[in-house]
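[1] Please work out how this folds:
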Amino acid sequence: MTRIIPALIAVSTVLLSCGDVKIKAIGDDEEILVFADDKAWETLEPVLREVLQDTVWTPIPEAWYVLRHVPFEDWGTYENYMNRIAVAPLSGEGPVADFMRNSLEPNVQQLVNDSKEFMFNKYDSRARGQILMFLTAPDLVTLEGAIENQRSEILYSFEQMSLRREQAALVSERSYQKKDIERSLLQRYAWTMTIQHDYHVAIDSLGGRFFWVRRANPSDLERWIFVHWQPVSDPTMLKESTILAWRDSITKTYLRTIDDHAYVQVAPYHLRIENVNFLGRYAFETRGNWRFSDKTGGGPFVNYAFYDEKGKRLYMVDGSVFAPRVAKRDLILQVDALLRTFRTAGDLTEEQREDY
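    Residues are numbered from 1 along each chain as shown. The predicted structure follows:
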């Protein structure tokens, strides 16, 4: 399955100015405020909840987001919140429909009426780390169909914003991170990534081309990050049909219980493999759940497998969570953000290499 992201119009050029960014966005990352007139909300609530409260299998089902319908009269109260949606047809009646028509320039409204565009995102409109999504169409029936047909793009926009916030948090904590380990990885293996202060190195194997760090704080809540690489000259070796077997071969070797009785493997349910752009490279993204081979425990994981042309290597970078009795949505976002700090030596500028 290939994730296709439409070319979105830069809303900053087509919406009326919303002022300068001055403060950090407030609210909960998992909550989305929806501003819709009563008739529109009555019609669109089911499809919006289906799209944005999509299930995170962790392995107990969790919702990606929770929607809250807010009267437009309270718009000013929530202008600094993280996640907001304004949804209304251009032909609608009510304050949100009026706001939609006043916010979109005439040429943009024409694109909407021609059914060429229906979703517009504005980022950091009032605060840092904020997304304001406009969903509109000529009429309510068309709008409902557009939301249903482009559901993955709508959810993707909010998922990427959540990741952006996690990445911003990593940058803000840069002075606390383990730069000595990051420097060593670059010097010895020609790649590096962010190592947070409370992660420790569990396995560092040059011969196995395997590096694993763990975070256990508190002790019953663990996050794992591993990187494995193989020198190859043929990128066609990277295939969707072999991703799971490759991961299982790695984890069976290295991710084993203390008594060596069991090992980590991919759980054969709720798996999703997609083609994505990962750090500028064609990659396979795998999301699902892992479990111990004796079925005594498990949790969610996110995995990226890709070929690096400059280094002639296949890479697999992987983040897993083990957190019984704890909600795992935010934890998997955290490890995903860490995976996205991965860089090869060839990715870095001379100035960045000197920084290490």
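[2] Helix or strand next in line after the longest helix belonging to the chain, which one?
    If you go by DSSP state H, the chain has its longest helix at helix 151-172. Sequence order places helix 179-189 as the next helix or strand after helix 151-172, per DSSP states H and E.
[3] got the CA positions of stretch 109-117 in CSV?
    In CSV, the C-alpha atoms belonging to stretch 109-117 read as follows (Å, rounded to 0.1, in the frame of the first residue of the first chain):
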residue,chain,number,x,y,z
GLN,A,109,-13.2,29.1,-3.3
GLN,A,110,-13.3,28.6,-7.1
LEU,A,111,-11.0,25.6,-6.7
VAL,A,112,-13.4,24.2,-4.0
ASN,A,113,-16.4,24.7,-6.2
ASP,A,114,-14.6,23.0,-9.1
SER,A,115,-13.9,20.0,-6.7
LYS,A,116,-10.2,20.4,-7.1
GLU,A,117,-9.4,21.0,-3.4
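[4] roughly how far is it from the heart of the chain?
    Stretch 109-117 has its C-alpha centroid displaced from the chain centroid by 29 Å (Cα atoms, centre = their mean, to the nearest Å).
[5] any low-confidence regions in the protein?
    For the chain, the stretches with pLDDT under 70 are 1-21.
[6] can you list the domains in it?
    Using automatic domain parsing, the domain ranges for the chain come out as 11-171, 176-355.
[7] export these to JSON lines and tack on mean neighbour count?
    Every residue, glycine included, has its C-beta placed from N, CA and C. Below are the domains of the chain laid out as JSON lines (neighbours: other Cβ atoms under 10 Å):
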{"stretch": "domain 11-171", "mean neighbour count": "17"}
{"stretch": "domain 176-355", "mean neighbour count": "16"}
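[8] Quick one: list the elements packing against the longest helix of the chain.
    Secondary-structure packing of helix 151-172 (3 or more Cβ pairs under 8 Å, 6 or more residues apart in numbering; DSSP states H and E): helix 38-52, strand 119-123, strand 131-135, helix 329-339.
[9] Nearest to residue 162, out of those?
    When these are compared by Cβ to Cβ, helix 329-339 sits nearest residue 162, at 5.5 Å.
[10] And the next helix or strand past the closest one?
    The helix or strand immediately downstream of helix 329-339 is strand 343-344, counting by DSSP H and E.
[11] now that following strand, how far from the chain's geometric center?
    Its chain's C-alpha centre and that of strand 343-344 lie 19 Å apart, by Cα atoms, centre = their mean.
[12] just use 16 as the starting number from now, easier for me
    Okay, using 16 as the starting number, the last item reads as strand 358-359.
[13] Direction included, what does that strand pair up with?
    strand 206-207 (antiparallel) (DSSP bridges).
[14] got a list of contacts for the strand it pairs with?
    197-198, 200-201, 242, 244, 326, 330, 357-360, 371 (Cβ atoms under 8 Å, 6 or more residues apart in numbering).
[15] Pick the one among the residues you listed closest to residue 209.
    Of all the contacts of strand 206-207, residue 209 sits closest to residue 197, with 6.9 Å by Cβ to Cβ.
[16] State the distance from that closest one to residue 43.
    From residue 197 across to residue 43, the span is 31 Å (Cβ to Cβ, to the nearest Å).
[17] do the same with residue 365
    41 Å.
[18] ok, residue 327 - contacts?
    Residue 327 neighbours (Cβ under 8 Å, 6+ apart): 246-248.
[19] Hmm, residue 95 is touching residue 140, no?
    No: in this structure, residue 95 is not within contact of residue 140 by Cβ atoms under 8 Å, at 9.6 Å.
[20] For the helices and strands packed on helix 166-187, give me a markdown table that also has distance to residue 288.
    Formatted as a markdown table, the helices and strands packed on helix 166-187 follow (distance: least, Cβ to Cβ, whole Å):
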| stretch | distance to residue 288 |
| --- | --- |
| helix 53-67 | 21 |
| strand 134-138 | 26 |
| strand 146-150 | 27 |
| helix 344-354 | 15 |
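[21] I'd like to know which of those lies nearest to residue 126.
    strand 134-138 (9.7 Å).
[22] in its sheet, what does that closest one sit against?
    Assessed with DSSP bridges, strand 134-138 is paired to strand 146-150 (antiparallel).
[23] what angle do the partner strand and helix 53-67 make?
    Strand 146-150 and helix 53-67 are oriented at 120 degrees to each other (axes from the mean of the first three to the mean of the last three Cα atoms, to 10 degrees).
[24] Counting by contacts, list what the following helix or strand past strand 146-150 packs against.
    Per DSSP H and E, the first helix or strand lying C-terminal to strand 146-150 is helix 155-164. Applying 3+ Cβ pairs under 8 Å, 6+ apart, one finds that helix 155-164 contacts helix 53-67, strand 146-150.
[25] and of these, who's closest to residue 265?
    Closest to residue 265 of those, according to Cβ to Cβ: helix 53-67, at 34.1 Å.
[26] gap between the helix or strand hosting residue 257 and the chain center?
    Taking DSSP H and E as the definition, residue 257 sits inside helix 255-269. Computed by Cα atoms, centre = their mean, the separation of helix 255-269 from the middle of its chain amounts to 23 Å.
[27] With only the CA atoms kept, save that helix in PDB.
    Taking C-alpha atoms only, helix 255-269 is exported to PDB below (Å, rounded to 0.1, in the frame of the first residue of the first chain):
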ATOM      1  CA  GLU A 255       7.800  -6.000   1.200                       C
ATOM      2  CA  SER A 256       7.600  -9.700   1.200                       C
ATOM      3  CA  THR A 257      10.800 -10.100   3.200                       C
ATOM      4  CA  ILE A 258      10.500  -7.200   5.700                       C
ATOM      5  CA  LEU A 259       8.800  -9.300   8.500                       C
ATOM      6  CA  ALA A 260      11.200 -12.200   8.100                       C
ATOM      7  CA  TRP A 261      14.100  -9.800   8.300                       C
ATOM      8  CA  ARG A 262      12.900  -8.200  11.400                       C
ATOM      9  CA  ASP A 263      12.200 -11.600  13.000                       C
ATOM     10  CA  SER A 264      15.700 -12.900  12.200                       C
ATOM     11  CA  ILE A 265      17.200  -9.800  13.900                       C
ATOM     12  CA  THR A 266      15.000  -9.900  17.000                       C
ATOM     13  CA  LYS A 267      15.400 -13.700  17.400                       C
ATOM     14  CA  THR A 268      19.100 -13.200  17.600                       C
ATOM     15  CA  TYR A 269      19.400 -10.100  19.800                       C
END
